[in-house]
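Participant: The following block contains a protein sequence and its predicted model.
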Amino acid sequence: MKKMAIITEKGFLIRDASEIERVIFVGYDLVVENIPLDHIDELNKKLKSYLDYDGLTEEEIEQLEEDEGERKSTDKMNLEELERFFKWAGYSDVEISYGDEDGEKPREFITYTEYNTFQSYTKYEESMVYDWWDGNDYRRFSFDSVYILEVTDEAVSLDEWSERARGHVTGGSNEHQKVYKVITEDGKLQRDQYLIEKWDDYQGSYPLGELVDSSYLKIHLEDLSRDVDEYMDEITSLGK
């Protein structure tokens, strides 16, 4: 069996579902690593004291004012200022970075937000991404929902010889289609479902997937002027 996926909102067909990655987008928040999640509440208390100069010694306040000038407690700190805070708070192995624009790989970390607070990575929603080679460069698709399909290893090509196109095609020149039998969709067994894969030979265009039942598939074959009985016999035999 092959495991494929269709991006729900685009119809984009991912021929190998294992290439889908899950990432977390944190926007402009800073990523902070090597701090346990159960330290967040205490960190926020320390941060408030630090920004309000509450509990700081005169020497520490003088040093802060020398380093940073007059600060409003609502101002968000930059990376260098945040490093000084962690040093003051007693954390020596902290790693701070700007969020990856391609998304953070799911792992345990906290963030420093635009609201001058720390929070867990679990506060952000995971997204799915797929890097697709368009023939010239990789393009990243970001999406929230997919159909995960298990289909037969073999498929039935709908391409036939066209004198006009001077090649085997389905539809217009350089366009192709083939049909798989769907075994499961999102883990649920399917008894009358088929995947039509559609693609062309033009650089930059991506494959599409359409899920249909046998009734619609027969109409589709008629529209393509294919021998319905011959093709349906071959398609329904897939996986046997």
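Facilitator: The structure has been received and is ready for your questions. Numbers count the residues shown, from 1 in each chain.
Participant: any idea where the helices of this protein begin and end?
Facilitator: Using DSSP state H, the helices of the chain run over residues 40-51, 58-68, 79-89, 214-223, 228-236.
Participant: Please dump those into CSV; it should also carry distance to residue 184 and mean neighbour count for every row.
Facilitator: No exception for glycine: its C-beta is placed from N, CA and C like everyone else's. Shown next, in CSV, are the helices of the chain (distance: least, CB to CB, whole Å; neighbours: other CB atoms under 10 Å):
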stretch, distance to residue 184, mean neighbour count
helix 40-51, 40, 16
helix 58-68, 58, 12
helix 79-89, 47, 15
helix 214-223, 17, 14
helix 228-236, 17, 15
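Participant: Report the outermost residue of this protein with respect to its centre.
Facilitator: The centre of the chain is farthest from one residue, residue 58, which by CA atoms, centre = their mean lies 49.1 Å away.
Participant: what comes into contact with stretch 125-133?
Facilitator: 7, 12, 14, 19-25, 102-103, 106, 138-144, 146, 206 (CB atoms under 8 Å, 6 or more residues apart in numbering).
Participant: which of the residues you listed count as buried?
Facilitator: 7, 12, 14, 20, 23, 24, 25, 103, 143, 146, 206 (16 or more other CB atoms under 10 Å).
Participant: so what are the domain limits for this structure?
Facilitator: Annotated domains of the chain cover 2-15+146-236, 26-123 [automatic domain parsing].
Participant: Give the closest residue to residue 106 in space, chain neighbours not counted.
Facilitator: residue 22 (5.7 Å; CB to CB, 6 or more residues apart in numbering).
Participant: which of the domains of the chain has the lowest average pLDDT?
Facilitator: Of all the domains of the chain, domain 26-123 carries the lowest average pLDDT, namely a mean of 86.
Participant: now do the same end-to-end measure for that domain.
Facilitator: 10 Å (CA to CA, to the nearest Å).
Participant: what's the offset of it from the middle of its chain?
Facilitator: The chain centre lies 28 Å from the centre of domain 26-123; the measure is CA atoms, centre = their mean, to the nearest Å.
Participant: What about the nearest residue to residue 26 once chain neighbours are set aside, how many residues nearby?
Facilitator: Leaving aside its sequence neighbours, residue 26 sits nearest to residue 99 (CB to CB, 6+ apart; 4.0 Å). Residue 99: 17 surrounding residues under other CB atoms under 10 Å.
Participant: I'd like the numbering to begin with 39 instead of 1 from here.
Facilitator: I'll keep to 39 as the first residue from here, and by that count the last item is residue 137.
Participant: ok, residue 137 touching residue 117?
Facilitator: No - contact criterion CB atoms under 8 Å: residue 137 and residue 117 do not qualify, at 11.5 Å.
Participant: joint contacts of these two?
Facilitator: With CB under 8 Å, 6+ apart, residue 137 and residue 117 have common neighbours residue 68.
Participant: which residues does the closest residue in space to residue 67 that isn't next to it in sequence bridge with?
Facilitator: The shortest distance from residue 67 to any non-neighbouring residue, by CB to CB, 6+ apart, is to residue 149 (4.2 Å). Under DSSP bridges, the beta-bridge partners of residue 149 are residue 69, residue 157.
Participant: I'd like to know how far residue 149 sits from residue 128.
Facilitator: Using CB to CB, to the nearest Å, one obtains 20 Å as the distance from residue 149 to residue 128.
Participant: Over to residue 249?
Facilitator: 56 Å.
Participant: ok, these two, which is more surrounded?
Facilitator: A direct count of neighbours by other CB under 10 Å for residue 249 and residue 128 places residue 249 higher, at 16 against 7.
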